[in-house]
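In: mind looking at a prediction? Sequence and model below.
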Amino acid sequence: MKIKNHIFLAVILVSIGLVVTNATSSVNMAPKTYDNEEVVSVLVYLKDHVDLDSITNQMDRQRASLRNRHETVVVSLQNTALNSQPQLIEYLTELQNQDVVKEFQCFWIGNIIRVDTYQSVVDKIAKRDDVYKVYPNYEIELIAPVEKSFEGEPIYRNDVEPGIEAIRAPEVWDLGITGEGVLVATLDTGVDGDHPALADRWAGVADPRYEGHPEWAWYDPYAGQNDFPYDSGSHGTHTMGTVCGGAPGDQIGVAPGALWIAAAPIDRGGGISRTVSDAILSFEWLIDPDGDPETNWDVPAVCSNSWRVTTGHGYPDCDETFWSYLDACEAAGTVIIFSAGNEGYSGLGKPPDRATDDYRCFAVAAVDAEDPDWLIADFSSRGPTYCTPNGSEAIKPDIAAPGVSVRSSIPGGGYSSFSGTSMASPHINGVVALMRQVNANISVESIKEIIFQTAYDLGDPGEDNDYGWGMVDAYEAVLHTSLSPSMPDFNGPNTGIAGETLEFTLVSTDPEGDDIYYYIEWGDNSTSEWIGPYLSGEEVTVTHFWETADTFEVKVKAMDTHYAESGWSEPHIITIAPNQRPARVTINGPVWGWGGTEYEFTFTSTDPDGHDLVYKINWDDGNIEEWLGPYSSGETFTLNHSWKEKGGFWIKAWAKDTIGFESYQASFKINILTNASKEKTMHKLLIEIIDRLADRYPLMNKILQDLY
Ligand SMILES: [Ca+2]
Ligand SMILES: [Ca+2]
Ligand SMILES: [Ca+2]
Ligand SMILES: [Ca+2]
């Protein structure tokens with residue numbers, strides 16, 4: 001109690017010193033105050049956070065591409081951090097000026113700030129309204145192989161590894177699918193970028209888009225040497241070899257056509273010296289290596305993690321420290337895989353113990369591929385787990401892959417056999433790469449579901465706590481990965497008029513008969529968004545109008561229910577002409593008459609574009625006919641009208657086409673010679689005479705018009 005008060009007072013004094021003078025005298029008090037305290041490193045998780053599941057659900061509804069998902073997730077994470085961290089940063093900066101906070105570091109992949117300070121200050125931070133939780137900045141370590149053999153290994157065996165054979169990867173290669181065009185990643189100890197099995201497929205050299213930016217393909221949070229990949233141990237080169245190692249070396253990798261990138265946060269200082277914040281930095285790199293949220297060519301399809309943390313590192317059961325960053329990566333499109341751990345029946349590592357739903361965290365067990373029964377390895381961490389939303393029991397791990405005596409690349413150009421679940425998860429990484437070559441957009445959840453459903457069941461029937469769903473089967477997984485619908489056929493007019501609604505048809509077929517959605521770019525910066533679902537092969541009619549006259553390129557793509565997208569259709573060129581005004585209305589009818597008598601008038605207009613027309617007539621006596629019709633262009637129609645008062649009346653008429661373009665005003669004058677009450681009885685004979693004269697002599701007409 002006494003100590004607490006003491007510290008509280010000191011913090012106040014320090015703060016006052018800052019506010020009043022910004023001078024140094026009060027700063028000197030700080031070290032004295034915290035003499036008896038150790039500096040601790042903690043991760044402060046702020047309350048404000050991005051609801052990633054809700055973004056994913058919304059994106060599912062919109063049939064969003066991975067590129068869209070990636071951008072939305074990254075921008076949301078960055079904005080949330082940007083908007084909610086400033087107050088805490090201000091507070092920490094003040095304390096840092098007083099030397100009470102030694103260092104702090106802000107992240108955005110989770111709304112997190114790492115703070116190195118005294119425990120009593122941590123306690124104060126934890127009580128802030130904007131803070132959700134404070135975690136220790138724990139240590140992390142790789143899952144050390146239980147067995148390594150460097151002895152007597154020939155340089156090249158020129159043969160396919162038994163584990164690669166067991167998961168049926170060569171049968172997938174025979175389909176022409178090797179992971180080509182897919183980017184894979186690992187977070188490990190690093191990778192020997194010169195190893196012949198891997199060198200030519202490091203994205204930093206293999207893809208010209210990386211020119212001048214090796215740091216987009218290799219991230220070293222420990223030493224900051226981001227120009228060329230290297231391995232501080234041998235573990236990372238070995239695991240990457242299993243993912244995608246290949247010619248001219250041995251056939252050690254599952255996806256030898258894939259390009260790779262890597263981050264090296266694990267075991268860099270020798271032993272367990274690195275901390276969670278290095279892993280966060282690595283995930284923050286991984287989710288957008290080029291730092292441009294609008295691009296996702298730089299974002300790996302998959303990342304395997306052959307490391308975990310255990311209670312031995314101080315982590316409590318079901319520790320959530322990593323969950324938010326892993327969810328962020330997956331919401332942005334990257335499948336995250338973890339090795340289950342090498343603790344056998346002592347349980348699973350963290351985060352592989354997480355079972356908040358059927359898919360997270362994706363944990364991999366190790367089997368012996370050379371054992372005829374594919375027996376589970378003794379060391380492979382077993383389930384169940386209780387890290388479920390309500391604490392009930394759930395089966396773990398999720399899937400099994402070869403992890404005993406796995407031969408793969410090691411730094412210096414050689415090969416060696418390691419055993420451990422570290423060796424199993426890279427096999428799954430490679431399988432995901434093969435699947436993403438078949439369907440580049442397939443969702444993270446669909447990938448996991450297909451891997452589960454196509455696995456070869458081992459052990460107890462069905463999902464079990466040794467093997468999960470069983471041994472991964474690359475061939476079946478690839479066959480069950482949905483093929484894209486065909487490029488849509490798009491048909492319709494090649495000419496049109498501005499504002500006119502035009503009809504088009506489109507159709508695509510899906511190899512598996514899946515329902516299809518369509519996305520149309522109309523060439524005028526407008527898109528249809530995803531429309532559907534429609535049956536495979538069903539002809540769909542769509543309409544569009546262009547507001548301005550120009551030439552436009554229309555493109556369409558199709559997507560099935562598994563997010564397998566077709567390419568864009570060939571551009572459909574359409575030339576839009578300006579809309580033309582209907583002609584001035586021609587009005588015909590008598591030029592004079594008597595009040596109260598109905599007279600017949602005809603109206604005609606033509607539209608140069610042949611549009612149908614509607615008409616507005618103003619009789620000049622307070623009566624207006626609003627938009628009669630539609631009539632065909634050039635069609636004449638008749639209306640009757642009578643006037644009550646005597647006088648000259650200007651009949652006015654307008655025609656309007658279907659697009660809403662109006663003619664100029666037309667007018668026609670009629671003279672009414674008498675009020676309605678006097679008509680008929682008084683002047684019946686006179687009417688008849690004048691009428692006939694006016695018909696016969698145009699001059700009479702003129703005279704009558706001038707009179708009124
Ligand atoms: Ca990017
Ligand atoms: Ca089973
Ligand atoms: Ca399909
Ligand atoms: Ca027109």
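Out: Sure thing, it's come through. Ligands and ions are numbered 1, 2, ... in the order given.

In: for the residue in the stretch 601-708 of the chain positioned nearest to ligand 1, grab the count of nearby residues.
Out: The stretch 601-708 of the chain approaches ligand 1 most closely through Ile659 (43.0 Å), counting by C-beta to the ion. In this view, the C-beta of every residue, glycine as well, is placed from N, C-alpha and C. Other residues lying near Ile659 total 16 when counted by other C-beta atoms under 10 Å.

In: for it, give me its contacts.
Out: For Ile659, the contacting residues are Ile497, Ala498, Gly499, Glu500, Asn579, His611, taking C-beta atoms under 8 Å, 6 or more residues apart in numbering as the criterion.

In: equivalent analysis for Ala279, please.
Out: Ala279 makes contact with Ile140, Leu187, Pro265, Ile266, Phe322, Tyr325 under the criterion C-beta under 8 Å, 6+ apart.

In: and stretch 315-326, what's buried?
Out: Of the residues in stretch 315-326, those scored as buried under the neighbour-count criterion (16 or more other C-beta atoms under 10 Å) are Tyr315, Cys318, Asp319, Glu320, Thr321, Phe322, Trp323, Ser324, Tyr325, Leu326.

In: ok, which residues in this protein are in contact with ligand 1?
Out: Asp288, Asp290, Asp292, Thr295, Asp298 (C-beta under 5 Å from the ion).

In: how about a markdown table for the residues you listed, with pLDDT, neighbour count and secondary structure added?
Out: Converted to a markdown table, these look like this (pLDDT from 0 to 100; neighbours: other C-beta atoms under 10 Å; DSSP: H, G, I helix; E, B strand; the rest coil):
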| residue | pLDDT | neighbour count | secondary structure |
| --- | --- | --- | --- |
| Asp288 | 98 | 25 | coil |
| Asp290 | 98 | 18 | coil |
| Asp292 | 98 | 13 | coil |
| Thr295 | 97 | 15 | coil |
| Asp298 | 98 | 21 | coil |
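
In: let me know the closest of the residues you listed to Leu375.
Out: For the residues of the chain next to ligand 1, the residue nearest Leu375 by C-beta to C-beta is Asp298; the value is 40.4 Å.

In: quick one on the thing from earlier: farthest-apart pair in the contacts of Ala279, please.
Out: Using C-beta to C-beta, the two most remote members of the contacts of Ala279 are Ile266 and Tyr325, lying 15.0 Å apart.

In: domain ranges for this structure?
Out: What the record gives for the chain is the domain set 2-136, 145-479, 489-577, 586-707, from automatic domain parsing.

In: from ligand 3, how far off is the residue lying closest to Trp307 once chain neighbours are set aside?
Out: Using C-beta to C-beta, 6 or more residues apart in numbering and skipping the chain neighbours, the partner closest in space to Trp307 is Leu142 (4.5 Å). Here the criterion is C-beta to the ion, to the nearest Å. By it, Leu142 lies 39 Å from ligand 3.

In: okay, now Leu142: neighbour count?
Out: By other C-beta under 10 Å, neighbour count at Leu142 equals 22.

In: for the stretch 351-500 of the chain, which residues are neighbours of ligand 4?
Out: Taking C-beta under 5 Å from the ion as the criterion, the stretch 351-500 of the chain does not approach ligand 4 at any residue.

In: what does the stretch 351-500 of the chain put close to ligand 3?
Out: Where proximity means C-beta under 5 Å from the ion, the interface of the stretch 351-500 of the chain facing ligand 3 comprises Ser482, Leu483.
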